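Participant: Provided below for reference: sequence and predicted model.
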Amino acid sequence: MPTVLRSAGFRVLVLFPPREHSPAHVHVVNADGLVVIELGTGRRSQRTVRARGMKTSDVQRAERLVSENTAALLEAWRSIHGTVD
């Protein structure tokens, strides 16, 4: 489970196959919980698919962090999974 980004108390992870699945997404964790966010691509908008244990304000901060780093996170996904879809 490689950490591909650390910022402001968050760790952003991309999990390895075969446990992982498309579409491209990241797991963002902090001390309180987890949020799973599908990455925005040319075909699809960023979307939060699950949040557990994290305060609403932290979920919003995690969403901004992912949005601001989408290109790097998509590249990390590609390097692990070989494709975005």
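Facilitator: Structure's in. What do you need?
Participant: Assess the claim that residue 73 and residue 65 are in contact.
Facilitator: No - using C-beta atoms under 8 Å, residue 73 is not in contact with residue 65; the gap is 9.5 Å. All C-beta spots, glycine's among them, are computed from the backbone N, C-alpha and C.
Participant: which of these two has more neighbours?
Facilitator: Using other C-beta atoms under 10 Å as the criterion, residue 73 and residue 65 rank with residue 73 on top: 23 against 18.
Participant: Quick one: the helices in the chain, in order.
Facilitator: For the chain, the helices defined by DSSP state H cover 56-68, 70-81.
Participant: Turn these into CSV, including mean pLDDT.
Facilitator: CSV is the format used below for these (pLDDT from 0 to 100):
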stretch, mean pLDDT
helix 56-68, 98
helix 70-81, 94
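Participant: okay if I get those helices as TSV plus distance to residue 46?
Facilitator: Formatted as TSV, these follow (distance: least, C-beta to C-beta, whole Å):
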stretch	distance to residue 46
helix 56-68	6
helix 70-81	7
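Participant: what do residue 73 and residue 65 both touch?
Facilitator: Taking C-beta atoms under 8 Å, 6 or more residues apart in numbering as the criterion, residue 73 and residue 65 both touch 5, 12.
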